[in-house]
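> here is the input, now give the coordinates:
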Amino acid sequence: MLYNAALVLEGGAFRGQYTAGVCDTFLANHIEFSSVIGVSAGSLNGVNFVAKQYGRGANININHRHDHEYISMARLFKRKVINMNYLFEDHGLSWQNFDERAYIRSASHFTAVATKLQDGKKALFTDFTGKKLTQVLIASCSMPFMMDPAPTPDGLCLDGGIADSIPFDVAQEQGYDKIVVVRTRDINYRKKPSSRPVQQLYRHYFKDYPEFAEAGIRRPEVYNQQIAQIEHLEQTGQIFNIAPQHPVKVGRVESNVKKIRQLYETGQRETKQLLPKLIDYLNA
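Sure thing, here's the model as predicted:
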């Protein structure tokens, strides 16, 4: 069933396997949303969800994690740890190609969130297709220090989480009063302030883009403010909040495939338990 509601997906690189489990559980239970908004890894899960490609995100990161064409720490100094183009190429019989036809046919609108390098503000890309879709997904997922800025119609961009880690505000701006938020950190997680070395790294590395550097430094403070807002809106019935019940022990570029699979299964299991409450919320 298509609900007149927005689905907001946080990033978190391989912690996004929790989100993959959540989205696949939605697909298995025929739950769709008028708007899907994704940031970083959440944008990849978002397009798979909109295209109804059950299991695609999990299969890629479980079965292809150790393909060095996809991920290689040896490319760190070239800022190409993750080869995002890999996700949109054909890799044989075991691979699910992205089904753009299904994505285009979907009744859902999809928005990818990135951060503009020039001013550190969010950039929104809605209902893009073809090469432009690939382009903005890469930009949304390009982690600072590990990947180069990516070109978009709004200029060079990096990880959307820098400007807007959990973009429920985008759903509000789109006019939705039913918003489902999927987080990839446990319900009690809060970020620590940026340390002095991290502040120095941002200011040195992005010295030509001081507003972006300051956005990166402020990210923990802004993130914690967003969590406080989400919790308030959840208490008042304005947001349905889905988050891991226990601390997530999966790293951003996790190499342990067993842990990746377990996190995906945790997302499925915890979402199944929440389904009755979620459907009540969406139907209210």
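> what is the burial count for Lys279?
You called it Lys, but residue 279 is Ile. 14 (other Cβ atoms under 10 Å). The way it works is simple: take the backbone N, C-alpha and C, and place the C-beta from them, glycine included.
> go on, Ala107?
The burial count for Ala107: 9, using other Cβ under 10 Å.
> correct me, but it touches Val36?
No. Counting by Cβ atoms under 8 Å, Ala107 does not reach Val36; the two are 10.9 Å apart.
> ok, now how distant is Pro193 from Glu221?
As judged by Cβ to Cβ, to the nearest Å, Pro193 and Glu221 stand 7 Å apart.
> now Gln17
27 Å.
> for the two, indicate the residue with more neighbours.
Between Gln17 and Glu221, counted using other Cβ under 10 Å, Gln17 has the larger neighbour count: 29 against 12.
> can you name the residues that contact that one?
When contacts are counted by Cβ atoms under 8 Å, 6 or more residues apart in numbering, Gln17 touches 57-58, 61, 250, 260-261, 263-264, 267.
> give me the below-cutoff pLDDT ranges for the stretch 51-200 of the chain.
76-78 (pLDDT under 70).
> how about Ile104, secondary structure?
Classification of Ile104 using DSSP: H, G, I helix; E, B strand; the rest coil returns helix.
> just give the nearest non-adjacent residue to it, would you?
Thr129 (6.0 Å; Cβ to Cβ, 6 or more residues apart in numbering).
> neighbours around that neighbour, how many?
Thr129 has 11 nearby residues by other Cβ under 10 Å.
> right, and the helix or strand after the host helix or strand of Thr19?
Thr19 belongs to helix 16-28 when assigned by DSSP states H and E. Proceeding N to C from helix 16-28, the next assigned helix or strand is strand 32-39, under DSSP H and E.
> which strands or helices does that following strand pack on?
The contact analysis (3 or more Cβ pairs under 8 Å, 6 or more residues apart in numbering; DSSP states H and E) places strand 32-39 against strand 2-9, helix 41-50, strand 109-116, helix 168-173.
> please enumerate the helices of the stretch 51-200 of the chain.
56-63, 100-105, 130-141, 168-173, 196-205 (DSSP state H, counting those that start in this stretch).
> in the first one, what counts as buried?
If I follow you right, that is helix 56-63. 56-62 (16 or more other Cβ atoms under 10 Å).
> please identify which of those is nearest to Gly42.
Proximity of the buried residues of helix 56-63 to Gly42 (Cβ to Cβ) peaks at Gly57, which lies at 10.6 Å.
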